[in-house]
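> need a structure here:
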Amino acid sequence: MAKKKEQKPEEAIALDVQLTKTEAFIEKNLKKILIAIAVVVLVVVAFFAYNNYINGKNANAEKAIAASQEAFAQQQYDKALNGDGAVSIGFLRIIDEYSGTKTANLAKLYAAICYANTDKYDEAIKMFESFSQKDDQMISPASIAALGNCYVQKGDNKKGLELLLKAAKEADNDALSPVFMMQAAKVYQIEGQDDKALELYKEIKNKYFRSPLAGEMDKYIEAVTK
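Alright, predicted model coming up:
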């Protein structure tokens, strides 16, 4: 995923959202949506690295995080988290040593994704919740949805639904909202609330008709109305 540098974040995510082929949508696609979030993060970081480079502590933190970002891009999650004892100090040390900087905050998001991709959901939840969300149309709702997915993986469907729906509302775009709504709909089905799942499927079809997912909604609508 990290190699698709020529794509806009919305396009990169659109490639990952066409993932609705089985009823095990939540479990099957959690890691893919987390990687899609990582693509957004990497693109945004690359942009601001040239436009908002600052002196002092955060500048040092930006230099320190580069090696961990490279390990993350290669899906070497343990190395990204803990470093290699040589070049990379790891996201966890960056969070500790550069506390209060924007880079340390970003490292929390990276660390959360690393933990989630290694099925350490308690640790992932702590990191997601400590990450200071900004008013970014992509990163903020995506981080909320990823947190929601972690709660679903732990069996807390009520909390997961709350966060997924919040993320879809905050994003309010064709790239992310349908993905989060689709996940929420599947959780509703697991909970036996087909009526609420139906509402979400219809909303995806009618409101987000430009989304790649919209064209698949008829089969899901039919499935919950039988």
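
> Ala214 and Tyr208 touch, don't they?
Yes - using CB atoms under 8 Å, Ala214 makes contact with Tyr208 at a distance of 5.8 Å. (Each C-beta comes from the backbone N, C-alpha and C, glycine too.)

> need the contact list for Arg93.
Gly83 (CB atoms under 8 Å, 6 or more residues apart in numbering).

> and it, how far from Ser99?
11 Å (CB to CB, to the nearest Å).

> Val87 now?
Between Val87 and Ser99 the computed distance is 22 Å (CB to CB).

> cool, and Ile65?
In this view, Ile65 and Ser99 are 14 Å apart by CB to CB.

> and for Tyr188?
Distance check for Tyr188 against Ser99: by CB to CB, it reads 39 Å.

> and these two? Which one has more around it.
Comparing Tyr188 with Ser99 by neighbour count (other CB atoms under 10 Å), the higher total belongs to Tyr188, at 23 against 11.

> mind checking which helix or strand the closest residue in space to that one that isn't next to it in sequence is in?
Excluding its sequence neighbours, the residue lying closest to Tyr188 (CB to CB, 6 or more residues apart in numbering) is Ala197, at 4.1 Å. Using DSSP states H and E, Ala197 falls within helix 194-207.

> buried set for that helix?
Buried residues in helix 194-207, counted by 16 or more other CB atoms under 10 Å: 194, 196-198, 200-201, 203-205.

> may I see those arranged in TSV, with pLDDT as well?
TSV is the format used below for those (pLDDT from 0 to 100):
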residue	pLDDT
Asp194	96
Lys196	97
Ala197	97
Leu198	97
Leu200	97
Tyr201	97
Glu203	97
Ile204	97
Lys205	96
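
> next SSE after the helix or strand hosting Ala59?
Per DSSP H and E, Ala59 falls inside helix 57-73. Where DSSP H and E defines the elements, the next helix or strand beyond helix 57-73 is helix 77-82.

> helices and strands around that next one, which ones?
Counting contacts by 3 or more CB pairs under 8 Å, 6 or more residues apart in numbering; DSSP states H and E, helix 77-82 packs against helix 57-73, helix 91-97, helix 102-117.
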